Each structure stands twice: as C-alpha cells, then as structure tokens.
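> below are the sequence and a predicted model; questions follow.
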Amino acid sequence: MDASIVTMSAYQFPELADISQTGAKLKGAPLPPRGTTGLFKVGNLEVLCRVVWTDGVQCGIRFDEAVSPGVLKQIQLEGGAALEALGQVDGKTA
C-alpha cells in the first residue's frame, strides 16, 4: 500500500510493508535516515513519527501517538483491497 513521509527536507513515497498501533515498516528508496522526524500518511491516517531504524531498503518508524484499533483495521482492509485489485493475495498472483 502506498504511503508518504514528509520531513523538513523531503517528500518520500515508500510502500507500507507492515503497520501496528505504535509504528510501521516501510520499503523503498530513498528512505529518511535514522532519527529523522516527519509526518507519516497512509489512507486517512496522518501521524507524527520518528525513524528508529533503517537498512537502506527498509525502515521502521515509531508513531508519536498510538493509532486507534479502528483506524488500524481500516488501513489493513484498504491494503488488502489494493492487493486484490492488483490480482495478488498472500503473495500469489490470481
């Protein structure tokens, strides 16, 4: 699922690999360096965050405030619908 992270120096558009109430894993390049603060956006969620780790291809972010279970579920449902629209479910091509 497409996402974005806005920092003081850049707009970046990584792919959302995983999300929880307290943070997310993003994939793509370029990614912000460890310690960077920014505004993470995906679906209808906008939350301040900090990059806590990166390996060059992926990074982990921690949200400043926990995401409610309802918002998290909506994002997960939207992500599943996006995969179905591409003909991909559980890593398999339909």
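Thanks, I have it. Residues are numbered from 1 along each chain as shown.

> what's the spacing between Gly60 and Ser68?
20 Å (CB to CB, to the nearest Å). Every residue, glycine included, has its C-beta placed from N, CA and C.

> the closest residue to Gly38 other than its chain neighbours: neighbouring residues, count only.
In space, Gly38 comes closest to Thr7 once its chain neighbours are excluded; the distance is 4.0 Å by CB to CB, 6 or more residues apart in numbering. For Thr7, the neighbour count with other CB atoms under 10 Å is 15.

> hmm, Thr37 and Thr7 touching each other?
Yes. With contact defined as CB atoms under 8 Å, Thr7 reaches Thr37; the gap is 7.0 Å.

> what pLDDT does the model give the nearest residue to Ser4 once chain neighbours are set aside?
Using CB to CB, 6+ apart and skipping the chain neighbours, the partner closest in space to Ser4 is Lys41 (4.7 Å). For Lys41, the pLDDT comes out at 96.
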